[in-house]
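Novice: need the 3D shape of this:
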Amino acid sequence: MSAPMIAWVPVVNRAYKYLTNFGHDNSRSVDLPSVELHDVETAAEKRPRTLKHLLRANHGNYSIFYHNLEFHNHMSHILGSAYLFGASVDHLQKIYDEESKELEPWHESPAEITDEDWRQFLGDKRYQRAYVDFYEDELALKFDYDWKKVLEEYLFTGEQPLINGLIGGVGHPLIHLGYAFELQNKELAMEALGMASAAYNFLHKYLDDPSYTKSSIYSTTSPLEILHKIHSDTRFNDLFPSKGAANIETLFSKHEALVLEHWNAWRIEDPTTQFRESQEAAIALLVKTVVPGTYAYDFFICHILTTSHAVRILLPLIPKKFHIGLVRQWWLLTIAIYIAQLRPKIDVDLEKPPTKQWNYVEDKAINGEWAIDAHYVKALRAMREAAFTWGDTHERYLSAAVHFADDFHGWTGFGGPAEVQTSKNDGIRTPKK
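Specialist: Next up is the predicted model:
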C-alpha cells in the first residue's frame with residue numbers, strides 16, 4: 001500500500017469500529033479491527049500452498065528449541081513475514097533451505113504429558129516434544145481439530161492461564177502465537193502452545209498475582225516518558241558488565257522493586273491511544289537508539305518491536321478482558337529488555353523525511369542482502385503494519401522503516417568483550433548472497 005493510502009487508514013478503521021463495536025463497553029480494552037487473516041490451509045493458489053507445505057515440513061522435521069535448548073526456531077516467522085510481503089514460491093523455498101541448515105530434529109522428551117500433569121513440567125524445555133504432542137492429541141481427541149478451541153482452553157482458563165506467560169523466552173511464544181492467528185494455521189498454534197509451556201518462567205506471576213500491580217511513586221500515560229526516566233535513573237548504573245538477555249533474571253531477582261516502580265508508573269486511561277504510543281516507542285527503541293554511523297542495531301531490543309506487532313495481531317482476536325493484561329505483559333518485557341541492554345539513549349530528534357516509499361521497503365525485505373535474516377524482515381513488517389494500523393500522514397513509520405532497511409548491517413547487543421555483528425539464529429546470519 002502506498003504512503004498516501006496508508007494515511008487514510010485510521011478514517012476507515014474508525015468507521016469499521018463504529019459499525020462493529022456499537023453497544024460494547026471498550027473502556028478497558030484496545031479497540032482495533034483485525035488485520036487481514038490469511039487462511040493458507042484452504043487457499044488454492046500455489047504461493048499459499050507452498051507456505052502451507054513448508055510450515056508443515058518445519059513442524060514435522062525440526063524442534064522449536066535447539067542448540068542446547070537456547071535458540072528458537074524462527075522458520076515460521078520469516079516464512080510468514082516474507083509471504084505477507086509478497087515473496088515468490090522460489091524465495092519461500094530458498095528461505096526454508098537456508099534456515100533449515102542450522103535447525104535440529106526433534107528429540108524425545110523424558111516422558112509423555114497428560115491432561116492431569118501438563119502444568120507439572122511448565123518451563124522445562126526438555127519437554128518441548130511432549131508438549132506439542134499433548135496439545136495435538138487434545139486437538140484431535142477432545143476438540144475435533146478446532147485449534148482455536150484448544151487455545152481457548154489452555155490460554156484463557158484457570159487461575160494462571162498461559163496467556164499471562166507469553167513473554168518467557170524473550171517473547172517468542174507471543175510472536176509465534178501471532179503468526180498462528182495471522183496465517184490461520186493449526187500447526188503454528190500447537191507449536192505456540194508448546195513454546196509457551198516449555199519457555200514458561202517467573203514473569204507470569206506479575207500478571208497472575210494482582211499484588212504486584214500497585215501505585216508507583218510517579219505516573220504518566222506516556223511509555224516513552226517512562227523509558228526516558230529509566231535511561232536517566234542512576235540506580236540502574238553498573239548493574240551488569242555487558243548487555244545480554246541473561247541479565248533479565250538477575251534484574252528481577254536483585255532489583256525487582258526498581259523494575260516494578262517503572263512498570264506500574266504507566267497509567268492506562270485510553271488503552272487504544274496508549275497502545276499506539278507503545279508501538280511508536282517500540283519503533284523508537286529499535287531505530288532511534290542507534291548512533292549514526294555505528295550500525296549498532298540491538299538484537300534483543302528488536303524483540304520489543306516484534307512482540308508489539310504480535311500484540312497488535314492478537315488484540316482484536318482474544319477476549320477483551322485480557323487486553324490490558326497482554327499490553328502490560330509486553331510493557332514488562334520492554335522494560336526488562338531495555339534495562340538488560342544497558343538503557344541506550346533514545347534520540348527523538350533522530351529522524352529524517354523518507355526519500356523512498358513502502359514498495360522500496362517491501363523489496364528490501366524480500367530481495368535485499370538481509371532478506372534471509374528473520375529479525376530484519378520481521379522488524380520491517382512490524383513497522384509497515386503499524387503504519388497501516390494507525391495511518392502515516394507525517395510518514396514517520398515510513399521514515400523509520402526506510403532508515404532501518406538501508407542502515408542495517410547486522411545485529412549487536414549480545415554482550416561480552418568480543419561482541420561482533422554476525423552470529424547464528426538467536427544472533428544473526430551473514431547477508432544473503
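Novice: alpha carbons only for contacts and neighbour counts from here, please
Specialist: Fine.
Novice: skipping adjacent residues, who's closest to Ala82 in space?
Specialist: Ile366 (6.2 Å; Cα to Cα, 6 or more residues apart in numbering).
Novice: now the helix or strand where the one you found lies - C-alpha only, PDB.
Specialist: Ile366 belongs to helix 358-367 when assigned by DSSP states H and E. Provided in PDB are the C-alpha atoms of helix 358-367 (Å, rounded to 0.1, in the frame of the first residue of the first chain):
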ATOM      1  CA  TRP A 358       6.900   1.400   1.000                       C
ATOM      2  CA  ASN A 359       7.400  -0.500  -2.200                       C
ATOM      3  CA  TYR A 360      11.200   0.100  -1.600                       C
ATOM      4  CA  VAL A 361      10.900  -1.300   1.900                       C
ATOM      5  CA  GLU A 362       9.000  -4.300   0.700                       C
ATOM      6  CA  ASP A 363      11.600  -5.000  -2.000                       C
ATOM      7  CA  LYS A 364      14.400  -4.800   0.600                       C
ATOM      8  CA  ALA A 365      12.600  -7.300   2.800                       C
ATOM      9  CA  ILE A 366      12.400 -10.000   0.100                       C
ATOM     10  CA  ASN A 367      15.200  -9.100  -2.300                       C
END
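Novice: mind giving me the packing neighbours of the helix or strand following it?
Specialist: Elements were assigned by DSSP H and E; along the chain past helix 358-367, the next helix or strand is helix 374-390. Secondary-structure packing of helix 374-390 (3 or more Cα pairs under 8 Å, 6 or more residues apart in numbering; DSSP states H and E): helix 3-7, helix 9-21, helix 75-84, helix 271-287, helix 299-314, helix 358-367, helix 396-407.
Novice: mind running it again at 6 Å?
Specialist: The helices and strands touching helix 374-390, judged by 3 or more Cα pairs under 6 Å, 6 or more residues apart in numbering; DSSP states H and E, number zero.
Novice: tell me how many other residues crowd the residue nearest to Pro223 when sequence neighbours are not counted.
Specialist: Among residues not flanking Pro223 along the chain, Ser278 sits closest, at 6.0 Å (Cα to Cα, 6+ apart). Neighbourhood size, Ser278 [other Cα atoms under 10 Å]: 21.
Novice: would you mark the buried spots in stretch 263-271?
Specialist: Of the residues in stretch 263-271, 263-268, 271 count as buried by neighbour count, 16 or more other Cα atoms under 10 Å.
Novice: contact partners of it?
Specialist: The contact list for stretch 263-271 (Cα atoms under 6 Å, 6 or more residues apart in numbering) reads 30, 216, 218-221.
Novice: and those residues as TSV, adding distance to Glu182?
Specialist: Converted to TSV, those look like this (distance: Cα to Cα, whole Å):
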residue	distance to Glu182
Val30	18
Ser216	36
Tyr218	38
Ser219	35
Thr220	33
Thr221	30
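Novice: just the buried ones from these, in PyMOL syntax?
Specialist: Selection of buried members from the contacts of stretch 263-271 for PyMOL, criterion 16+ other Cα under 10 Å:
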select buried, resi 30+219+221
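Novice: phi, psi for Tyr62 please.
Specialist: phi -130, psi 140 (degrees, to the nearest 10).
Novice: what is it paired to in the beta sheet?
Specialist: Counting by DSSP bridges, Tyr62 is bridged to Pro105.
Novice: tell me who's in contact with it.
Specialist: Here Tyr62 is in contact with 104-106 (Cα under 6 Å, 6+ apart).
Novice: the stretch 1-150 of the chain: strands as residue ranges?
Specialist: Applying DSSP state E, counting those that start in this stretch to the stretch 1-150 of the chain gives strands spanning 65-66, 71-72.
Novice: I'd like the mean pLDDT over the last one, please.
Specialist: I take that to be strand 71-72. Summarised as a single mean, pLDDT over strand 71-72 is 97.
Novice: please consider this matter closed, and thank you.
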